[in-house]
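Trainee: Sequence below, structure please.
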Amino acid sequence: MSHVEDELNSQPECWARAATQAKECGGLLPVPGERVAVVGCGTSYFMAQAVAALREGAGQGETDAFAASEFPHGRTYDRVVALTRSGTTTEVIDLLERLKGRSRTTALTADPHTPVMTAADDVVVLDYADERSVVQTRFATTALTLLRARLGLHSEAVVADARTALDAELPQGLVECAQFTFLGRGWTVGLAHEAALKTREASQSWAESYPAMEYRHGPISVTTTKTATWMFGTAPEGLARQVGETGALWIEGGLDPLAELVRAQRLAVAVAESRGLDPDRPRHLTRSVILTPSPAR
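Mentor: Next comes the predicted model:
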């Protein structure tokens with residue numbers, strides 16, 4: 001069993017632990033009424049998008065999400081929350097250092113022995129969700145679960161759905177598809193983006209992601225009988241029929257959307273293995289992106 005497969009299988013237990021930890025975080029996490037930005041890179045950026053949509057949708061305050069490298073320094077936030085599994089990602093560390101004295105910062109990380117511990121004002125450590133694989137699964141979903149639980153939007157049913165996602169067979173013919181399209185609405189748009197990223201990273205597949213209503217504005221034109229189109233959450237009216245008319249495989253997730261992401265993670269691993277690839281070692285990727293300064297000229 002690959003590291004990533006072992007790690008994604010442990011997610012129900014990690015989520016249950018994160019839900020308990022969320023009750024113990026006190027003032028380390030945003031409080032209602034704060035203007036908040038959530039930042040990250042890669043997978044963490046997509047989790048930031050989901051968190052931002054959930055928090056604002058829950059009426060807890062204006063909440064934005066940015067790639068750490070694209071943070072708008074002309075804006076003012078009461079708190080900036082940074083998601084970083086490794087605690088070493090250059091763009092995140094640089095941003096936290098730059099925000100000192102301007103906005104309160106909180107970092108969620110898996111490693112308590114890294115620069116993020118001093119770069120952020122507050123730190124929440126999820127070391128039980130750390131990973132050996134380059135491909136990120138359980139840390140991302142555990143961080144999202146902790147923040148979701150803090151908003152009162154997590155329940156034991158979510159954990160039960162995750163176990164179902166791990167036990168159920170993947171839809172017939174899914175692994176054999178040549179193209180994968182993931183769709184979301186609201187907070188699940190970030191999950192759709194993450195599902196596509198996992199599929200690209202682990203299996204080198206053609207994988208795309210869109211807000212569901214935008215899919216009909218162009219992207220559906222490249223859908224074929226070799227495409228799988230996977231909806232996270234409830235689909236817009238008529239979309240399943242339109243996709244069916246293209247001959248594509250339509251998958252409408254019936255589980256909690258975060259549990260559907262677990263199924264997508266399983267798909268990425270299954271496709272990688274079917275193609276003789278090592279899902280723990282994606283091409284050109286490392287566990288953390290650490291940039292070295294250019295030499296002075």
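
Trainee: Would you agree Ala192 falls within a helix?
Mentor: Yes. Assigned with DSSP: H, G, I helix; E, B strand; the rest coil, Ala192 falls within a helix.

Trainee: Centroid-nearest residue for this structure?
Mentor: Geometric centre of the chain, nearest residue: Met47, 3.7 Å, by C-alpha atoms, centre = their mean.

Trainee: measure that residue to Ala240 for me?
Mentor: Counting by C-beta to C-beta, to the nearest Å, the separation of Met47 from Ala240 is 27 Å. (C-beta placed from N, C-alpha, C; glycine too.)

Trainee: Low-confidence regions, this protein specifically.
Mentor: 283-297 (pLDDT under 70).

Trainee: just to revisit the earlier point, hang on, isn't the residue nearest to the centre of the chain packed against Arg138?
Mentor: No. With contact defined as C-beta atoms under 8 Å, Met47 does not reach Arg138; the gap is 11.9 Å.

Trainee: Touching both of these two, which residues are there?
Mentor: Overlap of the contact sets of Met47 and Arg138 (by C-beta atoms under 8 Å, 6 or more residues apart in numbering) is empty.

Trainee: Can you report how many residues lie near Ala248?
Mentor: By the measure other C-beta atoms under 10 Å, the count of residues near Ala248 is 20.

Trainee: what residues are up against it?
Mentor: Counted by C-beta under 8 Å, 6+ apart, Ala248 has contacts 181, 223-225, 227-229.

Trainee: Now it: closest residue in space that isn't a chain neighbour?
Mentor: Ranked by C-beta to C-beta, 6 or more residues apart in numbering and with sequence neighbours excluded, the top spatial neighbour of Ala248 is Thr227, at 4.1 Å.

Trainee: again, but for Ala58
Mentor: Leu151 is the one closest to Ala58 (C-beta to C-beta, 6+ apart), at 5.0 Å.

Trainee: Return the distance of the closest residue to Val125 other than its chain neighbours relative to Ile93.
Mentor: Closest residue to Val125 apart from its sequence neighbours, by C-beta to C-beta, 6+ apart: Pro112 at 4.8 Å. Using C-beta to C-beta, Pro112 is found at 15 Å from Ile93.

Trainee: Also Gly27?
Mentor: Distance from Gly27 to Ile93, by C-beta to C-beta: 23 Å.

Trainee: of these two, who's got more company?
Mentor: Using other C-beta under 10 Å, the more surrounded residue of Gly27 and Ile93 is Ile93, with 22 against 9.

Trainee: who are the neighbours in contact with the more buried one?
Mentor: Counted by C-beta under 8 Å, 6+ apart, Ile93 has contacts 115-116, 119.

Trainee: SS state for it?
Mentor: helix.

Trainee: Kindly check the end-to-end length of stretch 246-259 for me.
Mentor: Using C-alpha to C-alpha, to the nearest Å, the end-to-end distance of stretch 246-259 comes to 27 Å.
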